[in-house]
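> the following comprises the amino acid sequence and a computationally predicted model.
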Amino acid sequence: MTLREKIIACLGKFPQKASADFEIVDEIVENGYIKQKVYYNVEPGERINAYLLVPNGVLPQNSCSGILAVHQHAGQWHIGKSEVTGDVWEIQEGMYAYGRDLVKRGYVVLCPDVLSFEERIPKEIDGANYERFAFTKRVQEGSCLQTKCLHDLSAAIDVLCSLSFVDENRIGVIGHSMGGQNSLWITWYDSRVKAGISSCGFGKIQTIFRDFVNHNFSLYVPGMADICDMDEVLCDIAPRAFALTAGINDGLFPIDGVREIVAAAEKRYADLGIPDKFLADIFDDGHCFGQLQKEKLYSWLDKMLGE
């Protein structure tokens, strides 16, 4: 079996695919772009809301790059896509509004909620307990929460690729923290993603366990520790493009493990003769997505997707 086949086996049973049946339910004119509330299927019988950000002046015959912007965790289950669009925040205004940043650079950006965040929490339960329930239920069913996230994010890419003004050959994904974790995974899983960006999103699992660090439930894929670590997942993305940031003082991801991942990826991309398709920015700070990191990664993304 290939590495991919082994990891897919660990991920277990995937949900059933469904036709998106995409519809626009609301629209707001913002400064330089349109924000649309959209509605689509992720599974048969499960429809979700998302925000679609479209730059001003985009016409059906245009061919824009499409970006999937995935929100962080931060223990703020009541906030998901609305932080990425810059409408709601609790940590720092605008720091994690990378969806809004990128639409202003000319990208079409889709911002969904991950399961158990914002509009994807049943009324009968709070977000923290629902995240745990969603994980344990899927493990019992021979799957895991990361598998559900991959399925739903792939459905979001279906939506992006269905838009007449999006070039399906220029799809990217970006996320911070849990969003960066999902950025790595969906870039690995879905070959339609040509460039992925992870801000403070992952480290080596063995160093996370070594240092007794707890993470979001979707990090844990049953049996994967016997197969590989995150450096091998990242290297398996090549030759498609990927960039990451990591704070030296990020307590969630021990920096020695991150440096091992970077070294492995740099060698992989160099061996393929495409070192420019991998970018790592290790910076002197903690768990954040600062302006200097944004400027570096946004410029790199422009080059990778031809903006």
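That came through, no problem.
> where do the helices of the stretch 1-150 of the chain begin and end?
3-11, 81-84, 98-103, 127-140, 145-162 (DSSP state H, counting those that start in this stretch).
> give me the number of residues near the closest residue to Ser63 other than its chain neighbours?
Spatially, and ignoring its direct neighbours in sequence, Ser63 is nearest to Asp167 (4.3 Å; C-beta to C-beta, 6 or more residues apart in numbering). Yep, even glycine has a C-beta here, placed from its N, CA and C like the rest. Around Asp167 there are 18 other residues, counting by other C-beta atoms under 10 Å.
> what kind of secondary structure is Asp167 in?
Here Asp167 is recorded as strand under DSSP: H, G, I helix; E, B strand; the rest coil.
> quick check: it vs Ile67, distance?
Noted for Asp167: a distance of 12 Å to Ile67, by C-beta to C-beta, to the nearest Å.
> please report phi then psi for His215.
Backbone torsions of His215, given as degrees, to the nearest 10, read phi -140, psi 180.
> show me what contacts it?
His215 makes contact with 208, 252, according to C-beta atoms under 8 Å, 6 or more residues apart in numbering.
> strands of this protein, start to end?
23-29, 33-43, 46-55, 64-70, 108-112, 166-176, 193-199, 241-247, 278-283 (DSSP state E).
> make a markdown table from those strands and add mean pLDDT and distance to Gly223 to it.
Formatted as a markdown table, the strands of the chain follow (pLDDT from 0 to 100; distance: least, C-beta to C-beta, whole Å):
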| stretch | mean pLDDT | distance to Gly223 |
| --- | --- | --- |
| strand 23-29 | 96 | 39 |
| strand 33-43 | 97 | 24 |
| strand 46-55 | 97 | 26 |
| strand 64-70 | 97 | 24 |
| strand 108-112 | 98 | 28 |
| strand 166-176 | 97 | 25 |
| strand 193-199 | 98 | 23 |
| strand 241-247 | 98 | 24 |
| strand 278-283 | 98 | 28 |
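> closest to Gln140 out of those strands?
Comparing the strands of the chain by their distance to Gln140 (C-beta to C-beta), the top pick is strand 33-43, with 17.8 Å.
> helices or strands up against the closest one?
strand 23-29, strand 46-55, helix 145-162 (3 or more C-beta pairs under 8 Å, 6 or more residues apart in numbering; DSSP states H and E).
> of all those, which one is nearest Cys10?
Nearest to Cys10, of all the helices and strands packed on strand 33-43, is helix 145-162, at 9.2 Å by C-beta to C-beta.
> quick check: angle from the closest one to helix 127-140?
100 degrees (axes from the mean of the first three to the mean of the last three C-alpha atoms, to 10 degrees).
> just the buried residues of stretch 140-156, please?
Residues of stretch 140-156 classed as buried: 143-156 (neighbour count, 16 or more other C-beta atoms under 10 Å).
> tell me the centre residue of this structure?
Ser183 (3.0 Å; C-alpha atoms, centre = their mean).
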